[in-house]
Every structure is written in C-alpha cells, then in structure tokens.
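1. next input, structure requested:
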Amino acid sequence: MNGNHSTHSTDCIERNDTVFKNLTDQEKEKLREEKNCRLYKKGAEIYHESSRTNGMYCINSGVVKIYKTGIDGREQIVYFAKPGDIIGYRSILSGDLACSSAKALQDSELCFIPGDLLISLIRSNGDFALDVLQQSCKELGEANSYITDIAQKTVRERLAEVLIKLKDNFGVNENNELGISLTREELANIVGTATESVIRLLSEFKQDELIDLKGRKIKILDTKKLEKISNAFG
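-> Next up is the predicted model:
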C-alpha cells in the first residue's frame with residue numbers, strides 16, 4: 001500500500017450511515033485494533049485493476065475515484081467513493097482479482113481492514129452480512145443503470161444526468177457550486193465520451209443558462225431543466 005501513516009483518524013466505523021452500523025461494541029473494538037489508517041495524497045493509487053488485494057478500505061475523509069482502464073489506456077470512471085463508503089470488498093468476497101482501480105481524487109484518509117476479519121464478521125453477524133450484501137446489490141443496480149444509459153441515452157442526456165448525480169452525492173457550496181471539483185477529462189470519463197464533447201456541451205448548457213462555469217467549478221442554475229434533459233424521470 002502506498003501512503004503515509006495517518007496522524008489522526010476520523011473513525012468511519014462509528015458513522016451511523018455505513019455497513020458497520022450493526023456491529024456490536026466488541027466487534028467494533030476488534031476492527032479498531034486491526035485496521036490500519038493512512039493518508040493518501042491526491043493522485044495516489046490505492047489499488048490497481050487485476051491486482052490481488054488482501055483486504056478492503058473504509059474511507060474516513062476525502063474522495064476516491066473507482067475506475068476501469070480500457071484497451072486504449074483511457075479511464076472509465078465507475079463512481080466516486082466518499083466518507084463512510086467501503087471499497088475493494090467484492091474481491092475479498094469473490095476471491096477474484098480486483099475488477100477496478102482506486103485512486104485518491106483529493107487528499108484522502110482510508111482505513112485498511114484485513115480480508116480475513118471481514119469474512120469473520122460476515123460469518124458471525126447476520127445484520128452486518130445483510131448490510132454488505134445490500135451495498136453490493138446497490139452498486140450492481142447502479143452499474144446496470146449505467147449500462148442502460150450508455151446504450152440508450154445521448155451524450156447530452158448523460159452529461160445532464162451526471163451533473164444531477166454529482167449534486168445529489170456531493171451537494172453544493174454557498175455559491176451553489178458542485179461540492180466536487182473535476183477536470184473536463186474526468187467528467188468525460190464518467191459520461192463515457194470524448195473530452196471535446198463535454199467541453200462543447202458544457203458551453204451549450206452555459207449558453208442555455210442551465211449552469212455557470214468558473215474554472216473547474218460548476219454552478220447549477222436550473223436543476224429541473226437538467227432533469228428534463230437527462231430524461232431521468234421519463
């Protein structure tokens with residue numbers, strides 16, 4: 001694992017919105033004893049596609065991008081993991097190599113949890129096992145929706161939908177700007193298109209007064225019209 005030992009830890013297992021919420025106090029204490037928290041600088045790789053992982057990660061702070069790499073070396077961003085999320089656990093459950101890569105989008109603190117401990121908790125705590133299963137099903141559902149979008153929606157519709165989802169997942173600041181800062185290339189890697197297409201469409205959205213742009217910052221001006229374009233509820 002690349003990264004620096006953390007000097008502080010916002011304990012992700014204490015959050016009420018994670019898969020750890022139904023662990024007993026004794027099980028949480030076991031987790032605290034065995035987890036290893038590290039700070040990953042922006043751009044640091046956490047694990048790589050097709051590598052053998054021996055544990056999973058819980059995100060304490062920051063944002064991590066989960067992506068796959070195409071034949072041409074181009075990244076396809078699958079989703080962004082944020083505080084409270086777990087990543088890398090499916091490889092432990094399936095025994096397969098990692099099916100995606102993970103990289104810190106910003107300075108992030110992650111806790112590594114050994115795979116044998118994860119399996120032990122699943123076997124001993126049915127509620128925890130169900131929470132992990134529900135998390136896996138949620139991710140599978142999102143992946144299925146993405147496949148459908150790629151097949152049936154235009155790039156314009158997909159970009160509008162991505163902007164709405166980013167707003168829902170990361171919120172906006174006091175200036176109504178998205179709470180996550182992405183490059184145009186990263187946006188294109190989520191939408192599944194060329195960077196030039198995203199630049200052109202963002203300009204069109206700005207001309208139509210749906211958004212405003214200031215560098216990487218994107219301000220949402222008309223959510224309802226973006227939802228209509230995305231065909232999210234059609």
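2. could you list the low-pLDDT ranges of this protein?
-> The chain contains residues with pLDDT under 70 at 1-10, 232-234.
3. kindly recompute the last result at 50.
-> Regions of the chain meeting the criterion pLDDT under 50 cover residues 1-9, 234.
4. what about the residue nearest the centre of the chain? Give its phi and psi, please.
-> Among the residues of the chain, the one closest to the centroid is Phe80, at 1.9 Å (Cα atoms, centre = their mean). With angles defined as degrees, to the nearest 10, Phe80 sits at phi -110, psi 130.
5. thought it was touching Gly62?
-> No. Using Cβ atoms under 8 Å, Phe80 is not in contact with Gly62, being 10.3 Å away. C-beta coordinates here come from the backbone N, C-alpha and C atoms, glycine included.
6. quick revisit: how far away is the residue nearest to the centre of the chain from Gly126?
-> Between Phe80 and Gly126 the computed distance is 30 Å (Cβ to Cβ, to the nearest Å).
7. could you do Asp17 as well?
-> As judged by Cβ to Cβ, Asp17 and Gly126 stand 20 Å apart.
8. what of Gly55?
-> 22 Å.
9. repeat that for Glu177.
-> Glu177 is 43 Å from Gly126, by Cβ to Cβ.
10. domain ranges for this structure, per the record?
-> Per automatic domain parsing, the structural domains of the chain span 4-150, 153-230.
11. what's the overlap in contacts for Phe80 and Gly62?
-> Shared contacts of Phe80 and Gly62 (Cβ atoms under 8 Å, 6 or more residues apart in numbering): Leu105.
12. how about the biggest helix by length in the chain: buried residues?
-> As assigned by DSSP state H, the longest helix anywhere in the chain is helix 126-152. Within helix 126-152, the residues that qualify as buried are Phe128, Asp131, Val132, Gln135, Ser136, Glu139, Tyr146, Asp149, counting by 16 or more other Cβ atoms under 10 Å.
13. show me the contacts for the last one.
-> Going back to what we said before, that points to Asp149. Residues in contact with Asp149, defined by Cβ under 8 Å, 6+ apart, are Glu157, Arg158, Glu161.
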